[in-house]
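**Q** Okay, predicted coordinates and the sequence, questions at the end:
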Amino acid sequence: MSSSSSSSSSSRPELPLRKIPGDYGLPFFGPIRDRFDYFYNQGQDEFFKTRMQKYHSTVFRANMPPGPFISSDSKVVVLLDTVSFPVLFDSSKVEKRNVFVGTFMPSTDLTGGYRVLPYLDPSEPKHDLLKRFSFSLLASRHRDFIPVFRSGSPDLFTTIEDDVSRKGKANFNDIADDMYFNFVFRLICGKDPSDAKIISEGPNIFLKWLFLQLSPLLTLGLSILPNFIDDLLLHTFPFPPFLVKSDYNKLYKAFYESASSVLDEGERMGIKRDEACHNLVFLAGFNSFGGMKVFFPALIKWVGLAGEKLHRELADEIRTVIKAEGGVTFAALDKMALTKSVVYEALRIEPPVPFQYGKAREDMVIHSHDAAFEIKKGEMIFGYQPFATKDPKVFENPEDFVAHRFMGEGEKLLKYVYWSNGRETDNPTAENKQCPGKDLVVLISRLMLVEIFLRYDTFEVESGTMLLGSSLLFKSLTKTSYT
């Protein structure tokens with residue numbers, strides 16, 4: 001099922017045309033009211049849930065943060081179901097110019113003065129060029145995906161084991177940052193970050209740089225800090241880019257000097273060398289480091305909370321397949337049906353990118369399960385993915401982590417997994433906005449589970465929330481006798 005314009009509506013049963021419910025409130029005050037509901041009075045999920053119930057609709061109008069004074073226009077049409085959501089993937093119907101993070105765009109001073117690939121619409125000539133550059137990089141590094149990722153695992157798990165032994169717990173979020181940075185730098189540059197003298201600073205620089213870009217969408221969540229102070233600090237005015245400029249320049253210099261062969265290829269394709277490098281830094285820091293920072297704790301959390309039965313099943317599958325295939329290979333990973341399903345289920349229940357935005361290119365009619373709605377040209381459309389991918393009319397027990405959900409006949413449901421700015425059954429191209437590293441994300445997520453269950457029979461975790469995604473503490477690890 002997909003959204004469609006009125007020109008293609010004949011392919012579906014006729015649905016009643018309904019006015020989009022909801023309102024934006026008074027100028028200035030309406031966006032601030034919704035902002036306080038979203039961050040403080042209700043919280044993210046409750047914000048959407050209460051309005052969905054109030055309007056008896058998965059499509060409605062609301063303001064999305066940050067609003068004044070960071071965003072000049074916070075009005076959106078919200079989509080919360082599997083039917084309406086995919087209109088956001090259709091580049092012929094929605095424009096993606098400067099909407100990567102929402103109704104505002106961080107200063108280009110944070111990216112060397114360039115609008116990097118995620119902020120470009122496919123209609124812009126540079127989009128095709130920069131996306132092909134991304135594909136070229138990934139293709140050239142394909143053979144390195146598995147060995148480079150696996151090379152960082154021993155240090156990661158040794159540190160986790162030491163902390164659990166000494167302290168009774170290990171903070172995965174903090175410990176794993178070095179592994180993420182090392183993997184990304186080595187994969188892109190073909191060198192160890194220690195060679196570039198950036199290894200100790202790299203993770204913290206990326207985190208500060210990410211915070212400056214995403215702070216209008218975050219809340220510190222500190223009980224000692226009054227809500228109005230938190231709001232004033234994060235959501236009223238953007239932090240000035242100079243706060244991270246010198247640190248960013250260190251990262252830029254490290255990639256510029258270490259990724260010479262990649263940048264040479266960019267120049268051969270017609271991209272200015274400095275523009276190619278700023279796009280590399282963004283790919284490394286925002287898409288890759290930031291993506292792992294958010295998703296890996298979520299993946300391990302859900303697997304950990306699922307308990308020993310699932311752990312035994314995963315361990316048995318992973319070890320059996322690796323023994324039969326003679327090692328951890330692409331072919332071996334592809335034969336791990338349960339491992340694949342677990343990764344897809346984690347991507348469904350806690351997608352690393354919860355928001356999608358697009359501006360209507362034309363007047364159109366979209367559909368939910370129950371009704372049709374008119375959207376006017378120029379209106380901002382917003383999809384909240386955690387609701388769309390937990391649509392009870394598509395997924396049975398949508399709020400539950402069901403490890404086997406995507407096995408066998410369940411594979412048909414993969415078309416409703418939307419984390420990559422596209423369907424899981426679709427492929428990224430230069431003409432769409434689907435994540436160019438989509439398949440790599442799925443691959444290294446499987447690899448993370450492989451690394452865990454080659455070492456441990458079972459483990460216990462404790463989870464909470466943090467600025468970006470889930471917090472994860474390892475409480476215990478049961479080593480395996482498997483060799």
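**A** Now that the structure is in, tell me what you want to look at.
**Q** alpha carbons only for contacts and neighbour counts from here, please
**A** Will do.
**Q** And for the closest residue to residue 436 other than its chain neighbours, the neighbour number?
**A** Leaving aside its chain neighbours, residue 436 sits nearest to residue 428 (5.6 Å; criterion: C-alpha to C-alpha, 6 or more residues apart in numbering). When neighbours are counted by other C-alpha atoms under 10 Å, residue 428 registers 20.
**Q** What of residue 306?
**A** Residue 306 - counted by other C-alpha under 10 Å - has 15 other residues nearby.
**Q** and what of residue 27?
**A** 10.
**Q** what's the spacing between the residue nearest to residue 436 and residue 405?
**A** Residue 428 sits 24 Å away from residue 405, going by C-alpha to C-alpha, to the nearest Å.
**Q** do residue 343 as well
**A** Counting by C-alpha to C-alpha - residue 343 and residue 405 are separated by 10 Å.
**Q** same thing with residue 277?
**A** Counting by C-alpha to C-alpha, the gap from residue 277 to residue 405 is 40 Å.
**Q** Who are the packing partners of whichever strand or helix holds residue 304?
**A** Taking DSSP states H and E as the criterion, residue 304 maps to helix 290-306. Contact here means 3 or more C-alpha pairs under 8 Å, 6 or more residues apart in numbering; DSSP states H and E; on that basis helix 290-306 packs against helix 172-189, helix 308-325, helix 337-349, helix 438-455, strand 456-465, strand 470-479.
**Q** Return the most buried member of these.
**A** Each of the helices and strands packed on helix 290-306 was scored by mean neighbour count; the highest is helix 337-349, a mean of 23, by mean count of other C-alpha atoms under 10 Å.
**Q** okay, the angle between it and helix 308-325?
**A** 130 degrees (axes from the mean of the first three to the mean of the last three C-alpha atoms, to 10 degrees).
**Q** Need the contact partners of the following helix or strand past helix 337-349.
**A** Using DSSP H and E, the next helix or strand after helix 337-349 towards the C-terminus is strand 355-360. Identification of contacts with strand 355-360 by C-alpha atoms under 8 Å, 6 or more residues apart in numbering yields 88, 93-97, 99-102, 375-385, 421.
**Q** swap in stretch 374-383?
**A** So stretch 374-383 is contacted by 17-20, 75-80, 85, 88, 355-366 (C-alpha under 8 Å, 6+ apart).
**Q** Quick check: ChimeraX command selecting the buried ones in those.
**A** This is how ChimeraX selects the buried members of those, with burial counted by 16 or more other C-alpha atoms under 10 Å:
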select :20,75,76,77,78,79,80,85,88,355,356,357,358,359,360,361,362,364,365,366
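**Q** May I have the residues that are in contact with residue 361?
**A** By C-alpha under 8 Å, 6+ apart, the contact set of residue 361 is 92, 93, 94, 95, 377, 378.
**Q** For this protein, which segments are assigned as strands?
**A** Using DSSP state E, the strands of the chain run over 59-63, 75-79, 94-95, 170-171, 355-360, 364-367, 372-375, 380-384, 456-465, 470-479.
**Q** ok so, going back, now the helices and strands packed on helix 290-306 in TSV, with distance to residue 111?
**A** Output for the helices and strands packed on helix 290-306, formatted as TSV (distance: least, C-alpha to C-alpha, whole Å):
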stretch	distance to residue 111
helix 172-189	18
helix 308-325	41
helix 337-349	28
helix 438-455	23
strand 456-465	28
strand 470-479	27
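**Q** closest to residue 267 out of these?
**A** Shortest distance between residue 267 and those, using C-alpha to C-alpha, is found for helix 172-189: 15.9 Å.
**Q** on that earlier part again, quick one, which of residue 277 and residue 405 is more surrounded?
**A** residue 277 (24 against 19).
**Q** give the contact list for the more buried one.
**A** 252, 255, 256, 263.
**Q** ok, of those residues, which come out buried?
**A** Here, 16+ other C-alpha under 10 Å leaves 252, 255, 256, 263 buried among the contacts of residue 277.
**Q** Distance check, the nearest residue to the third one once chain neighbours are set aside against residue 471.
**A** Spatial nearest neighbour of residue 256, chain neighbours left out: residue 277 (6.1 Å); criterion: C-alpha to C-alpha, 6+ apart. When C-alpha to C-alpha is applied, the distance between residue 277 and residue 471 equals 31 Å.
**Q** what does residue 221 give?
**A** Counting by C-alpha to C-alpha, the gap from residue 221 to residue 471 is 13 Å.
**Q** One more: residue 209?
**A** From residue 209 to residue 471 the distance is 20 Å (C-alpha to C-alpha).
**Q** Likewise for residue 58?
**A** 30 Å.
**Q** Residue 103 too?
**A** Applying C-alpha to C-alpha to residue 103 and residue 471 gives a distance of 27 Å.
**Q** residue contacts, residue 438?
**A** 420, 428 are the contacts of residue 438 under C-alpha under 8 Å, 6+ apart.
**Q** What confidence value was assigned to it?
**A** pLDDT, residue 438: 96.
**Q** average pLDDT for stretch 116-124?
**A** The average pLDDT within stretch 116-124 is 98.
**Q** Repeat that for stretch 59-75.
**A** Computed over stretch 59-75, the average pLDDT equals 97.
**Q** Going by neighbour count, which residues in that stretch are buried?
**A** 59-68, 70-71, 73-75.
**Q** In this structure, where is pLDDT below threshold?
**A** By pLDDT under 70, the low-scoring segments of the chain are 1-13, 483.
**Q** Let's see that with 50 instead.
**A** 1-10 (pLDDT under 50).
**Q** Verify the contact between residue 88 and residue 94 for me.
**A** Yes - between residue 88 and residue 94 there is a contact at 6.3 Å, judged by C-alpha atoms under 8 Å.
**Q** Identify the residues contacting the nearest residue to residue 435 once chain neighbours are set aside.
**A** Spatial nearest neighbour of residue 435, chain neighbours left out: residue 420 (5.3 Å); criterion: C-alpha to C-alpha, 6+ apart. Listed by C-alpha under 8 Å, 6+ apart, the contact set of residue 420 reads 353, 434, 435, 438.
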